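A.B. asks: Quick check, what structure comes out for this input:
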Amino acid sequence: MWLLIQTVDRQRLTFMLSDGQRVVRRMSRTVGQQQAEQLLPSLDKFFRASGQALTDLRGVAVANGAGSFTALRLGVILANTLGYVLGIPVVAVNAGEMVEVDFLSRIRSLARQRHFMA
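C.D. replies: The predicted structure follows:
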């Protein structure tokens with residue numbers, strides 16, 4: 001599974017899980033001015049509801065682009081921390097209306113690269 005973290009909007013948190021072909025679960029929450037306080041509890045709730053564990057992740061994607069610097073930084077720090085602790089790749093995807101398309105495209109591209117490298 002791949003996780004997408006999107007914190008571009010400082011009022012909202014969005015997570016998506018993908019099996020590499022499609023998004024299998026998503027959650028988007030409005031958190032107001034408490035994005036930092038709600039980030040980890042929201043991620044925990046997302047994984048509990050999905051029936052998956054963080055150790056099931058094969059990679060993490062984080063949305064980047066225009067948005068609040070602090071909001072972007074929260075998502076990047078979480079993605080990099082998960083990547084480091086779990087020993088999995090972290091990639092950036094374009095934020096915006098096409099974030100899901102870019103997310104799936106990046107995962108497929110990485111899968112092809114690894115297949116040809118093996």
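
A.B. asks: which helices and strands does the helix or strand Leu13 falls within pack with?
C.D. replies: Per DSSP states H and E, Leu13 falls inside strand 12-18. In terms of contacts (3 or more Cβ pairs under 8 Å, 6 or more residues apart in numbering; DSSP states H and E), strand 12-18 is packed against strand 2-6, strand 23-30, helix 35-50, helix 99-117. Glycine gets a C-beta too; all of them are placed from N, C-alpha and C.

A.B. asks: Identify the residues contacting that strand?
C.D. replies: 1-7, 23-31, 35, 38-39, 42-43, 46, 50, 52, 63, 100, 103-104, 107 (Cβ atoms under 8 Å, 6 or more residues apart in numbering).

A.B. asks: And it, what's buried?
C.D. replies: The neighbour-count check on strand 12-18 (16 or more other Cβ atoms under 10 Å) flags 13-18 as buried.

A.B. asks: give me the low-pLDDT residue ranges for this structure?
C.D. replies: Residue ranges of the chain with pLDDT under 70: 96-100, 111-118.

A.B. asks: Grab the most central residue of it for me.
C.D. replies: Closest residue to the average C-alpha location of the chain: Leu4 at 1.8 Å, with Cα atoms, centre = their mean.
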